[in-house]
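Student: all I have is the shape, not the residue letters:
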């Protein structure tokens, strides 16, 4: 999912990925499933309820995976998301060992109208993958990717991270669009859209979904594809987590060479206007083989700001110099990280740029045109200040993404040129109020230029905005929601209310 703050920082810790078997994890945490008493919880409407000790113990005993409760280290790790400004405490956490465990957890939550959050990679800026007082289904113990090179298909478990998909597919010379940070969860990224470094060439991640297995609100495991449960297949490709928990994805893969040309190139903030002007004319008319993001940012600790690009050229390496010439014509960069590199390597190059050690707040929206007025408003509203970071980011769209009819999938923003993001960051211990207030003021000057927003980046906008965001697809989405989740069990998302 990102597009996160691109300035590499010493405070960004590495991601520790554990490939222990699910069975070993289940054995390791077996003691944590002993329930000592009744548990206070809340419904989807936040009404207080009590989960009886016997019922929770029965749930725990029925799973191959784990039930984690407050008071142990495993629970503390599971409940957290990457944005450290989010500090929510579920009543219980289920770590499933497979689709059957997920079915049992959903049935338990549905029977009690329990508030339910689903966590894959934990990248939700607004913290939609955790909750206070409900059940969190943490899919971190349910990860696997397998590639069938002959049929050019990847089969990916619902809790997997994008790194697994990239590694397995690229090993046989195949690829599909898979975000820009390798520890992003496949579920959240794909069901909302799925931008990435080869998206302009091969379409969104959801455009490459051939089918899904999904546990819906009634606890049933359904397959959805162009030939089976077609309405659900349409809705899950852009409707986000509104319809259930995807346990498995089938992705179409495409041949591509391993070597690409790309990286970050940064100029001093004094060049910001020129950088944006070049981006407007250059990126919007680029080849499908070019992915080019615009960025302008300052750091928390008062360093001078920078403006520049992140690029990935996946066309012929011999053509890269000519293709990238307009960027170098801006002048001498202060950082030039563009070079030939392995595609899997560049997919991991931003893995340490997330907000694990500080808090962040974000606003975003799609733009269909990059006008002079928008450029001026961006420059005028950008305020560098010691003690907070500010990032303006444009994630490249268009190309193959824009050649899909808006009604073909639930994702509606096909005509966008870019996804524009504003992000403010601050030390977790600081008062969030002034920083959030600043970003909201800044966003108010830019929002008129937008046409909807990326649903994984929603916060708590009104229902009217959410519904309008699906544009001409909303009525059809509402019918799918009524059919598969009439009680709105899956509500922690850009929610489609029945």
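Tutor: Here it is on my side, so go on. Since the structure is predicted, the reported quantities are computational estimates derived from the model, not experimental observations. Residues are numbered from 1 along each chain as shown.
Student: so where's the stretch 51-200 of the chain shaky on pLDDT?
Tutor: In the predicted model of the stretch 51-200 of the chain, no residue satisfies pLDDT under 70.
Student: now do the strands in the stretch 1-150 of the chain.
Tutor: All strands of the stretch 1-150 of the chain, identified by DSSP state E, counting those that start in this stretch, fall at 39-42, 48-51, 66-68, 92-95, 116-119, 135-138, 145-148.
Student: out of the ones you listed, flag the one nearest residue 456.
Tutor: Ranking the strands of the stretch 1-150 of the chain by proximity to residue 456 (C-beta to C-beta) places strand 116-119 first, at 12.5 Å. C-beta: built from backbone N, CA, C; applies to glycine.
Student: tell me what the closest one is packed against?
Tutor: Under the contact criterion of 3 or more C-beta pairs under 8 Å, 6 or more residues apart in numbering; DSSP states H and E, the helices and strands touching strand 116-119 comprise strand 135-138.
Student: and the strand it packs on, what does it pack onto?
Tutor: Here strand 135-138 touches helix 73-79, strand 92-95, helix 99-111, strand 116-119, going by 3+ C-beta pairs under 8 Å, 6+ apart.
Student: outside of that strand itself, list whatever touches it.
Tutor: 41, 68, 78-79, 90-96, 102, 105-106, 108-109, 114-119, 129-130, 245 (C-beta atoms under 8 Å, 6 or more residues apart in numbering).
Student: quick check on those: which are buried?
Tutor: Neighbour counting with 16 or more other C-beta atoms under 10 Å marks 41, 68, 78-79, 90-96, 102, 105-106, 108-109, 114-119, 129-130, 245 as buried within the contacts of strand 135-138.
Student: so how far does stretch 173-180 reach from one end to the other?
Tutor: 19 Å (C-alpha to C-alpha, to the nearest Å).
Student: can you list the buried residues in it?
Tutor: Of the residues in stretch 173-180, those scored as buried under the neighbour-count criterion (16+ other C-beta under 10 Å) are 174, 175, 176, 177, 178, 179, 180.
Student: please apply the same query to stretch 305-320.
Tutor: Of all the residues in stretch 305-320, those buried under the rule 16+ other C-beta under 10 Å are 305, 306, 307, 308, 309, 310, 311, 312, 313, 314, 315, 320.
Student: next one: the residue nearest to residue 399 when sequence neighbours are not counted from residue 190, what distance?
Tutor: When the adjacent residues along the chain are set aside, residue 399 lies closest to residue 200, with 2.9 Å between them (C-beta to C-beta, 6 or more residues apart in numbering). Distance of residue 200 to residue 190, computed by C-beta to C-beta, to the nearest Å: 17 Å.
Student: who has more neighbours out of those two?
Tutor: Neighbour totals were compared for residue 200 and residue 190, and residue 190 leads with 33 against 27 (other C-beta atoms under 10 Å).
Student: what about residue 138, neighbour count?
Tutor: For residue 138, the count of nearby residues is 28 (other C-beta under 10 Å).
Student: now it: how far from residue 69?
Tutor: Relative to residue 69, and taking C-beta to C-beta, residue 138 is found at 13 Å.
Student: give me the common contacts of these two.
Tutor: Shared contacts of residue 138 and residue 69, defined by C-beta under 8 Å, 6+ apart, comprise residue 93.
Student: low pLDDT regions in the stretch 301-450 of the chain?
Tutor: In the prediction, the stretch 301-450 of the chain carries residues with pLDDT under 70 at positions 303, 353-357.
Student: all helices for it, in order.
Tutor: Secondary structure of the stretch 301-450 of the chain (DSSP state H, counting those that start in this stretch): helices located at 320-328, 343-347, 372-381, 433-446.
Student: any chance you could list what contacts the first one?
Tutor: Around helix 320-328, the neighbours that count as contacts under C-beta under 8 Å, 6+ apart are 261, 265, 278, 282, 286-287, 290, 309, 311, 313, 315, 338, 340.
Student: please identify which pair of the residues you listed lies farthest apart.
Tutor: The farthest-apart pair in the contacts of helix 320-328, when distances are taken by C-beta to C-beta, is 278 and 340, at 22.6 Å.
Student: tell me which of these two has more neighbours.
Tutor: The residue with the greater number of neighbours, taking residue 278 and residue 340 and applying other C-beta under 10 Å, is residue 278; the counts read 18 against 12.
Student: for that one, what is the enclosing helix or strand?
Tutor: helix 272-282 (DSSP states H and E).
Student: what comes into contact with that helix?
Tutor: Contacts of helix 272-282 (C-beta under 8 Å, 6+ apart): 267, 292, 294, 296, 305, 307-309, 326-327, 329-331, 370, 375, 378-379, 382, 394.
Student: buried ones among these?
Tutor: Buried members of the contacts of helix 272-282, scored by 16+ other C-beta under 10 Å, are 267, 292, 294, 296, 305, 307-309, 327, 330, 370, 375, 378, 382, 394.
Student: which residues touch the closest residue to residue 469 other than its chain neighbours?
Tutor: Distance criterion C-beta to C-beta, 6+ apart; nearest residue to residue 469, sequence neighbours excluded, is residue 452 at 4.6 Å. Applying C-beta under 8 Å, 6+ apart to residue 452 gives the contacts 365, 366, 412, 413, 468, 469, 471.
Student: hmm, 7 Å instead?
Tutor: With contacts taken as C-beta atoms under 7 Å, 6 or more residues apart in numbering, residue 452 has the following neighbours: 365, 366, 412, 413, 469, 471.
Student: enumerate every residue touching the closest residue to residue 109 other than its chain neighbours.
Tutor: Sequence neighbours aside, residue 116 is the residue nearest to residue 109 in space, at 4.6 Å (criterion: C-beta to C-beta, 6+ apart). Neighbouring residues of residue 116 by C-beta under 7 Å, 6+ apart: 109, 134, 135, 489, 490.
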